[in-house]
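S.K.: Fold the following.
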Amino acid sequence: MFSLLYGLWKYVYTKTEFHVLILGIDKAGKTTLLEKLKSSYSKLEGLPSDRIVPTVGLNIGRIEVSNAKIVFWDLGGQIGLRTIWEKYYEEAHAVIYVIDAASPSRFEDSKSALEKVLRHEDLRGAPVLILANKQDLPGAGSSDEVARYLDLKELDDRIYMFEAISALDGMGIREATDWLVGAIEKSKRTEALKARPGVNGI
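M.R.: Here you go, the predicted model:
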C-alpha cells in the first residue's frame with residue numbers, strides 16, 4: 001500500500017518543469033495561442049478572443065502535459081519590444097514561433113525576426129516549433145508553404161517542426177504541443193540546463 005501511495009505522490013509532485021518562449025511579430029496570434037493552451041489543458045477558461053489586447057511586456061501561462069509542467073512566456077512582438085526577448089533566452093528550453101499565415105505581406109518581417117532569434121548564442125540547441133497560425137481564415141498558407149518561404153538555413157542543426165494551427169478554434173494545437181514536449185525531453189539543451197546550477201524546476 002505504501003509503495004502505491006508513494007508512486008502516486010511521486011507522479012503528482014515530481015513533474016519536470018520546462019520553460020517555453022512564445023515569440024513572433026505583433027498580431028501573429030501569440031496571446032490567443034496561450035489562452036487556447038490554458039483552456040485546452042486545464043479547467044480554466046482562457047480569455048475570449050475579443051478581450052485579448054496586444055501584449056506589452058510578458059504574459060505567463062502554465063499547463064501540465066503527461067509528466068511535464070510547461071511554463072509559457074508570451075512576449076510582445078512589436079518592433080520596440082523585440083529587444084526584450086533575449087533577456088529570456090538563457091533559461092528557455094524551447095521556442096514556439098508564431099506566424100500569421102494569412103498575412104503573406106508580413107512574412108518577410110517574421111522571417112527576419114526569427115532568423116535573429118535562431119542566431120542568438122543563448123538559444124543554442126533549443127527545439128523550435130514554428131506555427132502557421134490563423135488557418136481558420138481563407139487563404140492562409142499551409143505549414144509547407146510557410147516553410148518554403150522562410151527557407152531557414154539556421155534550422156539545420158536543431159530539432160524543429162512546422163505545424164499549421166488555428167489558435168482561435170484550437171486546430172492542431174494538441175498535436176503541436178505533444179511534439180514539443182517530446183522534443184524538449186530528448187533535447188541536448190534540456191540536459192545542459194539540467195546540469196546547470198540555479199535553474200528552477202529541473
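
S.K.: mind checking how far the residue most central in space within the chain is from Ala195?
M.R.: Of all residues in the chain, the one closest to the mean position by Cα atoms, centre = their mean is Ile96, 2.7 Å from it. Noted for Ile96: a distance of 24 Å to Ala195, by Cβ to Cβ, to the nearest Å. Placement of C-beta: from N, CA and C, glycine included.

S.K.: helix, strand or coil for Lys116?
M.R.: Here Lys116 is recorded as helix under DSSP: H, G, I helix; E, B strand; the rest coil.

S.K.: and the residue nearest to the centre of the chain, what helix or strand is that in?
M.R.: Element membership for Ile96 (DSSP states H and E) is strand 94-100.

S.K.: Show residues contacting that strand.
M.R.: Residues from elsewhere that reach strand 94-100, judged by Cβ atoms under 8 Å, 6 or more residues apart in numbering: 18, 20-25, 27-30, 33, 72, 106-107, 110, 114, 117, 123, 126-134, 146, 167, 180, 183-184, 187, 189.

S.K.: Which among the residues you listed count as buried?
M.R.: When these are checked for burial by 16 or more other Cβ atoms under 10 Å, the buried set is 18, 20-25, 28-30, 33, 72, 107, 110, 114, 117, 123, 126-134, 146, 167, 180, 183-184, 187, 189.

S.K.: mind listing which of these are in helices?
M.R.: Lys30, Leu33, Phe107, Ser110, Leu114, Val117, Val146, Leu180, Ala183, Ile184, Arg189 (DSSP state H).

S.K.: Just put the residues you listed in a markdown table and tack on pLDDT and distance to Glu86.
M.R.: Shown next, in a markdown table, are these (pLDDT from 0 to 100; distance: Cβ to Cβ, whole Å):
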| residue | pLDDT | distance to Glu86 |
| --- | --- | --- |
| Lys30 | 96 | 17 |
| Leu33 | 96 | 21 |
| Phe107 | 96 | 23 |
| Ser110 | 97 | 17 |
| Leu114 | 96 | 14 |
| Val117 | 96 | 8 |
| Val146 | 96 | 24 |
| Leu180 | 96 | 21 |
| Ala183 | 95 | 22 |
| Ile184 | 95 | 20 |
| Arg189 | 92 | 16 |
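
S.K.: ok, Ile60 - contacts?
M.R.: Val71, Phe72, Trp73, Asp74.

S.K.: who wins for neighbours among those?
M.R.: Asp74 (25 neighbours; other Cβ atoms under 10 Å).

S.K.: Now do the SS call for that one.
M.R.: Following three-state DSSP, we place Asp74 in the strand state.

S.K.: circling back: can I get the strand holding Ile96 in PDB? Just the C-alpha atoms.
M.R.: Presented in PDB, the C-alpha positions along strand 94-100 are these (Å, rounded to 0.1, in the frame of the first residue of the first chain):
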ATOM      1  CA  ALA A  94      12.300  25.600 -26.400                       C
ATOM      2  CA  VAL A  95      10.800  28.300 -28.600                       C
ATOM      3  CA  ILE A  96       7.300  28.500 -30.200                       C
ATOM      4  CA  TYR A  97       7.400  30.900 -33.100                       C
ATOM      5  CA  VAL A  98       4.000  32.000 -34.300                       C
ATOM      6  CA  ILE A  99       3.400  33.300 -37.800                       C
ATOM      7  CA  ASP A 100       0.200  34.800 -39.200                       C
END
